[in-house]
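Q: Generate coordinates for the sequence data below:
(chains A and B)
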Number of protein chains: 2
Amino acid sequence: MIVNYGFNATMTAKPGMGDELVDLLLTGLDEGNPGASEYCLVYLVSRSASNPDVVHITEGWTSEEDHHRIFAGPEAQAVVAKIAPMVAGESAYTDYVPVNGKAF
Amino acid sequence: MIVNYGFNATMTAKPGMGDELVDLLLTGLDEGNPGASEYCLVYLVSRSASNPDVVHITEGWTSEEDHHRIFAGPEAQAVVAKIAPMVAGESAYTDYVPVNGKAF
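A: Now for the predicted structure:
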């Protein structure tokens, strides 16, 4: 399937909470969570080597509509609710549509 | 295996060469090329939805040494030599180490 919608979001965790934020974002891949969805073709959690509190998430979806529908669901919103208190300031979004590749 | 070294590089193709640059970067996944290496755990080609000449590549490697060794090899250098004339200006590198996730 082809990715028609994607983004890269860079978040800065509150001091010392980088590991926790990475772990939480990775739960997005758990059964029933957004990253495990068949509409989500890319879900990649990365982090900065120089700043342990800077975390990146790259997502690629079959469509913007699919993303928004699943993102509005209870599972996604439960993850979002846990993220909010861990993150300092606004996340920086980049216009980023995965084309192809491999990850883990 | 764990990624111990990674980066995200954003390149701007010369006007109208975005598709060609994407295709060339994707050959990095071909047998014998760097992206197909067992040391390369993440190799993801993405692009901008708003600017067809902006291309991103995210890579994650078992170690910096493994990356540099394979990157110095003839296969990688052959791809690099083809990239150079397609790209305008310098690529922007981001400190970006993939932790886990899925892609295609």
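Q: Please count neighbours and contacts with C-alpha atoms only from this point.
A: Noted.
Q: The spatially most central residue of chain A: what's it in contact with?
A: Centroid check for chain A by CA atoms, centre = their mean gives A:Ile57 as the closest residue, at 4.2 Å. A:Ile57 makes contact with A:8-10, A:43-46 under the criterion CA atoms under 8 Å, 6 or more residues apart in numbering or on different chains.
Q: Among those residues, which one lies nearest to A:Thr94?
A: A:Asn8 (5.0 Å; CA to CA).
Q: ok, so what distance separates the closest one from A:Val45?
A: Separation of A:Asn8 from A:Val45 (CA to CA, to the nearest Å): 10 Å.
Q: For these two, indicate the residue with more neighbours.
A: The neighbour comparison of A:Asn8 against A:Val45 (other CA atoms under 10 Å in any protein chain shown) goes to A:Val45, with 26 against 21.
Q: what residues are up against the residue at the greatest distance from the centre of chain A?
A: Ranked by distance from the centre of chain A (CA atoms, centre = their mean), the top residue is A:Ser50, with 20.2 Å. Counting by CA under 8 Å, 6+ apart, A:Ser50 touches B:Asp95.
Q: count of neighbours near A:Asp53?
A: Neighbour tally, A:Asp53, other CA under 10 Å: 22.
Q: Repeat that for the one 3 residues further on.
A: For A:His56, the number of neighbouring residues by other CA under 10 Å comes to 24.
Q: With the one 3 residues further on instead?
A: The criterion is other CA under 10 Å. On that basis, A:Glu59 has 25 neighbouring residues.
Q: Chain B versus that one, what's the distance?
A: Here A:Glu59 is placed at a distance of 9 Å from chain B (CA to the nearest CA, to the nearest Å).
Q: and that residue, that's in a strand?
A: Yes: under DSSP: H, G, I helix; E, B strand; the rest coil, A:Glu59 sits within a strand.
Q: Surely it is in contact with A:Ser46?
A: No: in this structure, A:Glu59 is not within contact of A:Ser46 by CA atoms under 8 Å, at 11.3 Å.
Q: lowest-pLDDT helix or strand in chain A?
A: Least confident helix or strand, chain A: strand A:92-95 with a mean of 90, by mean pLDDT, DSSP states H and E.
Q: What residues sit buried inside it?
A: Across strand A:92-95, burial judged by 16 or more other CA atoms under 10 Å in any protein chain shown covers A:Asp95.
Q: List the strands paired with the very next helix or strand once past that strand, with their directions.
A: Heading C-terminal from strand A:92-95, the first helix or strand you meet, by DSSP states H and E, is strand A:97-103. Paired strands of strand A:97-103, with direction, are strand B:40-47 (antiparallel) (DSSP bridges).
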